[in-house]
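Colleague: just to be clear, the model below is a prediction. Sequence and coordinates:
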Amino acid sequence: MNTTGKRQSALARILGLLSQPVHHYQPATNIFLDLNVDRMADELQLVEQGRERGAQNRPASDGQTLDDIEHQIIEKIERHKQDSHSIYLDHLHTYDERVTALSFEERFATIQQAAPEAVGDFRAEATVGRDELFALRRRLNESEIERERFRARHRIERPARLASPGKIILKVGILAILFVIEVVVNGSFLANANIGGLLGGLVQAVVFAALNILASFLCGMVLIRLVNQRSFFLKLLGVLSCHGYLAFAVALNLTLAHLREIPPTISGDVGQEVLRRLQTAPYMLTDINSWVFFSVGFVFSLVAMADGLMFFDPYMGYAGLERRWLDASNQFAGARSELIDRLRDIREDCTDAMNNAARDLSVRRGEYDSLLQGRGRLAQRFTQHQNQIEQAGRALLEIYRESNRRARSTPPPSTFSRSYTMERIIYAGGEPDSTAREHLRKMIAETQALLNQQIKAIHEAFDNAVKTYREIDELLPEKKSG
């Protein structure tokens with residue numbers, strides 16, 4: 001369990017095994033220390049002690065036991081043997097701890113449980129993705145059905161003309177440019193006939209330019225587009241709207257032209273005078289500049305109307321359906337690609353973790369064999385060291401006895417001719433037998449085979465998941481357009 005109380009995933013447990021060290025100790029370099037016979041002989045003063053006791057004919061010729069000096073030598077030898085034995089036990093304990101730290105049984109149990117769970121988690125993830133993808137595909141299918149029914153009902157065989165962000169910006173920019181130009185032109189023309197001069201002409205120019213440009217744009221984008229509809233009533237409404245727009249554009253720009261020709265000193269209401277001229281003589285403009293003023297305004301109105309007419313798809317309502325279908329299609333394709341990439345990442349993570357776990361077992365098996373070999377070499381070294389201790393003891397006894405013999409006047413005791421035999425320490429520590437080692441090798445091989453099987457199962461699960469994602473298109477096939 002982690003700190004949040006949630007159970008770790010199978011992949012996290014496998015990766016957790018790999019973060020643990022192979023063992024808790026560095027390889028030991030201590031060796032058994034051999035006895036220095038000459039130095040011990042000097043420390044015990046064996047030559048002097050032998051000469052002194054030999055001059056006194058000690059030990060007695062009929063003595064049957066070792067004397068004090070010989071006991072002292074043997075005591076030194078035995079003490080060193082026990083010290084070496086303690087070192088030997090310490091090293092054995094180190095090897096045993098390192099073997100225990102390899103924790104094969106824990107790894108076997110974790111891998112045998114976590115590896116199949118990792119495959120199960122992968123399949124569950126694939127199932128969740130399939131459900132998510134199915135919902136998106138059903139939404140796309142509904143959008144396709146709606147789009148195809150609309151095309152069939154209105155007898156449309158072409159794709160919709162969608163306005164890209166760049167085109168929208170361009171068309172809005174054209175409107176803005178037309179508006180600014182018309183304000184400047186109208187302001188300069190109307191200033192001559194306005195009592196407020198240039199400022200009054202600009203105010204009138206802004207009002208009429210907004211009405212001329214924006215109204216023409218909206219007529220083209222909404223009303224006149226109805227001429228493309230299949231419905232007779234809507235088509236008729238569009239034709240009438242087109243005529244109405246032309247009448248509106250001509251009337252508005254004639255109004256501006258007449259407004260320009262009215263002098264600022266006229267008495268009475270300017271608006272009523274313009275209305276009177278439109279009713280009695282609408283085309284009686286006395287100044288050529290007025291006709292230029294009318295033509296500029298009317299052309300700008302036509303450009304604004306055409307801009308609105310081509311702002312979206314000519315067939316009203318078709319562009320919205322097409323955009324919704326494209327959004328659903330892109331969402332489905334993006335989700336499928338994202339799900340496959342996510343499954344591919346999970347597959348690679350699981351494969352790497354299981355391959356690393358298999359390699360870790362091989363490394364630990366090599367470490368285990370190395371530890372057993374080191375343990376065996378340690379036992380041989382301790383046996384050889386006991387031989388060296390025994391030989392050192394014999395050498396020390398011989399130094400003392402030889403010095404004693406030379407100084408004696410009586411025959412040496414019979415014990416001087418006895419060779420020293422040290423009692424050996426044999427450690428029955430329970431070396432792993434060949435059966436245990438073979439069992440471990442078998443378990444490692446079986447666990448590695450299990451990991452390989454699960455890697456193969458994950459690859460098969462990935463292929464099946466991708467296949468089921470494609471099968472969603474077969475369950476809900478895309479509608480073929482005419």
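Modeller: Great, that's in hand.

Colleague: from here on, contacts and neighbour counts on C-alpha atoms
Modeller: Will do.

Colleague: pass me the low-pLDDT residue ranges in the chain, would you?
Modeller: Scanning the chain for pLDDT under 70 picks out 1-8, 10-11, 13-31, 163-164, 185-205, 259-275, 278-279, 428-433, 474-482.

Colleague: and it, what are its domain boundaries?
Modeller: As given by automatic domain parsing, the domain ranges for the chain are 10-123+331-475, 165-312.

Colleague: these into a markdown table, with extra columns for mean neighbour count?
Modeller: Shown next, in a markdown table, are the domains of the chain (neighbours: other Cα atoms under 10 Å):
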| stretch | mean neighbour count |
| --- | --- |
| domain 10-123+331-475 | 16 |
| domain 165-312 | 18 |
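
Colleague: I'd like to know which of the ones you listed is closest to residue 158.
Modeller: Nearest to residue 158 among the domains of the chain is domain 165-312 (13.7 Å), distances taken as Cα to Cα.

Colleague: hmm, back to that, same list (the domains of the chain) but as a markdown table, adding distance to residue 149.
Modeller: A markdown table is the format used below for these (distance: least, Cα to Cα, whole Å):
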| stretch | distance to residue 149 |
| --- | --- |
| domain 10-123+331-475 | 20 |
| domain 165-312 | 14 |
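
Colleague: so for residue 322, which of those domains sits nearest?
Modeller: Residue 322 sits nearest to domain 165-312 of all these, at 11.6 Å, using Cα to Cα.

Colleague: now do the same end-to-end measure for the closest one.
Modeller: 12 Å (Cα to Cα, to the nearest Å).

Colleague: ok, then the element right after the longest helix seen in the chain?
Modeller: In the chain, with assignment by DSSP state H, the single longest helix is helix 318-407. For helix 318-407, the following helix or strand on the C-terminal side (DSSP states H and E) is helix 434-475.

Colleague: show me what that following helix is packed up against.
Modeller: Under the contact criterion of 3 or more Cα pairs under 8 Å, 6 or more residues apart in numbering; DSSP states H and E, helix 434-475 touches helix 104-153, helix 318-407.

Colleague: other SSEs contacting the last one?
Modeller: Here helix 318-407 touches helix 10-18, helix 37-44, helix 46-55, helix 68-101, helix 104-153, helix 434-475, going by 3+ Cα pairs under 8 Å, 6+ apart.

Colleague: can I get those in JSON lines with distance to residue 358?
Modeller: Below are the helices and strands packed on helix 318-407 laid out as JSON lines (distance: least, Cα to Cα, whole Å):
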{"stretch": "helix 10-18", "distance to residue 358": "10"}
{"stretch": "helix 37-44", "distance to residue 358": "53"}
{"stretch": "helix 46-55", "distance to residue 358": "62"}
{"stretch": "helix 68-101", "distance to residue 358": "18"}
{"stretch": "helix 104-153", "distance to residue 358": "10"}
{"stretch": "helix 434-475", "distance to residue 358": "5"}
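
Colleague: distance of the residue nearest the centre of the chain from residue 468?
Modeller: Residue closest to the average C-alpha location in the chain (Cα atoms, centre = their mean): residue 345, at 7.3 Å. To residue 468, residue 345 is 18 Å away according to Cα to Cα.

Colleague: tell me the phi and psi of residue 154?
Modeller: When read as degrees, to the nearest 10, the backbone of residue 154 gives phi -100, psi 10.

Colleague: out of the domains of the chain, nearest to residue 130?
Modeller: Among these, domain 10-123+331-475 sits nearest to residue 130 (Cα to Cα), with 6.3 Å.

Colleague: so the closest residue to residue 415 other than its chain neighbours: helix, strand or coil?
Modeller: Spatial nearest neighbour of residue 415, chain neighbours left out: residue 64 (6.2 Å); criterion: Cα to Cα, 6 or more residues apart in numbering. What DSSP: H, G, I helix; E, B strand; the rest coil gives for residue 64 is coil.

Colleague: distance check, residue 64 against residue 418.
Modeller: 11 Å.

Colleague: and residue 80, by the same measure?
Modeller: Relative to residue 418, and taking Cα to Cα, residue 80 is found at 22 Å.

Colleague: out of the domains of the chain, which is closest to residue 152?
Modeller: Per Cα to Cα, nearest to residue 152 of the domains of the chain: domain 165-312, 11.3 Å.

Colleague: how far out from the middle of the chain is that closest one?
Modeller: On the basis of Cα atoms, centre = their mean, to the nearest Å, domain 165-312 sits 60 Å off its chain's mean C-alpha point.

Colleague: could you do stretch 302-316 as well?
Modeller: The answer for stretch 302-316 is 48 Å, by Cα atoms, centre = their mean.

Colleague: what residues does it touch?
Modeller: Stretch 302-316 is contacted by residues 160-163, 168, 171, 175, 178, 213-214, 216-222, 224-226, 228-229, 319 when judged by Cα atoms under 8 Å, 6 or more residues apart in numbering.

Colleague: in helices, which of these appear?
Modeller: Applying DSSP H to the contacts of stretch 302-316, the entries found in helices are 168, 171, 175, 178, 213-214, 216-218, 319.

Colleague: determine which two of those are furthest apart.
Modeller: Top of the distance list for the ones in helices among the contacts of stretch 302-316 (Cα to Cα): 178 and 319, 26.2 Å.

Colleague: can you tell me how far residue 377 is from residue 88?
Modeller: The gap separating residue 377 from residue 88 is 11 Å, by Cα to Cα.

Colleague: thinking again about what came up before, ok, the residue nearest to residue 415 touching residue 413?
Modeller: Yes: using Cα atoms under 8 Å, residue 64 is in contact with residue 413, at 7.2 Å.

Colleague: ok, the closest residue to residue 159 other than its chain neighbours - contacts?
Modeller: Excluding the flanking residues, the one nearest residue 159 by Cα to Cα, 6+ apart is residue 322, at 7.9 Å. Residues in contact with residue 322 (Cα under 8 Å, 6+ apart) are 147, 159-160.

Colleague: and those residues, which are buried?
Modeller: Neighbour counting with 16 or more other Cα atoms under 10 Å marks 147, 160 as buried within those.

Colleague: need the contacts of residue 322 in TSV (columns: distance to residue 372).
Modeller: Below are these laid out as TSV (distance: Cα to Cα, whole Å):
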residue	distance to residue 372
147	76
159	77
160	78
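
Colleague: fine by me, we can end here.
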